[in-house]
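**Q** sequence first, predicted coordinates after that:
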Amino acid sequence: MGKLVAFFSASGVTAKVAEELAKVEKADCFEIKPEKPYTKEDLDYTVKDCRSNLEMADESCRPAMVGKVEDMAEYDTVFIGFPIWWAREPSIIDTFLEAYDFTGKKIIPFCTSGASGVEKASEHIKGIVGDKAEVDAGKRLGTENPDEVKIWTDILGL
């Protein structure tokens, strides 16, 4: 069985970390892309009714994705990366999680954030996938230390 690094990146920061993680883990990489790409205005949290704020305020929101993982069954470990929005994963990650059967898989969340941790996101992800998958506590990763990904995956022992 293999490893997959699936990620959503609004600004490119998460993409850089995901690509490094895929290289270190010799994993396939899949970018979770919204059907309607986010604009700078969509991501302006200071505007009450910007798209990202509206999506995060609606717990049932599931933005449409383009593309799909061709054969999720070939992966036993799935890293899921994202920026932190409203102290958790963006709603498009929930779209991704609900699109596949994660039975028997290990899900390892990772986030990119200047300050917020991944804890609330990991708990939220557990709520979505239920008991069918093992969800790791995950980790907040940055781009300031290029060795951080390798140190973390060594600790995971995968």
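**A** Yep, that arrived.

**Q** in terms of secondary structure, what does the top helix by length along the chain contact?
**A** Longest helix in the chain by number of residues (criterion: DSSP state H): helix 13-25. Packed against helix 13-25, as judged by 3 or more Cβ pairs under 8 Å, 6 or more residues apart in numbering; DSSP states H and E, are the following elements: strand 2-7, strand 28-31, strand 75-83, strand 106-112, helix 148-156. In this view, the C-beta of every residue, glycine as well, is placed from N, C-alpha and C.

**Q** and these, which one is worst for confidence?
**A** With a mean of 86, helix 148-156 has the lowest mean pLDDT of the helices and strands packed on helix 13-25.

**Q** returning to what we had before: so how far is the longest helix of the chain off the chain centroid?
**A** 12 Å (Cα atoms, centre = their mean, to the nearest Å).

**Q** quick one, it and strand 106-112 angle?
**A** Following axes from the mean of the first three to the mean of the last three Cα atoms, to 10 degrees, one obtains 140 degrees for the angle between helix 13-25 and strand 106-112.

**Q** helix 148-156 and helix 13-25, what's the angle between them?
**A** Using the same axes, to 10 degrees: helix 13-25 against helix 148-156 is 50 degrees.

**Q** strand 2-7 and helix 13-25, what's the angle between them?
**A** 170 degrees.

**Q** flag every buried residue along stretch 53-71.
**A** Neighbour-count burial for stretch 53-71 flags Asn53, Glu55, Met56, Arg62, Pro63, Met65, Val69 (criterion: 16 or more other Cβ atoms under 10 Å).

**Q** I'd like the average pLDDT over that stretch.
**A** Stretch 53-71 comes out at a mean pLDDT of 94.

**Q** hmm, who's touching that stretch?
**A** The contact list for stretch 53-71, computed with Cβ atoms under 8 Å, 6 or more residues apart in numbering, reads 4, 6, 30-36, 45, 47, 75, 85-86, 90-92, 94-96, 98-100.

**Q** grab the most central residue of the protein for me.
**A** Gly81 (2.8 Å; Cα atoms, centre = their mean).

**Q** so what's that residue up against?
**A** Here Gly81 is in contact with 5-9, 14, 17-18, 21, 109-112 (Cβ under 8 Å, 6+ apart).
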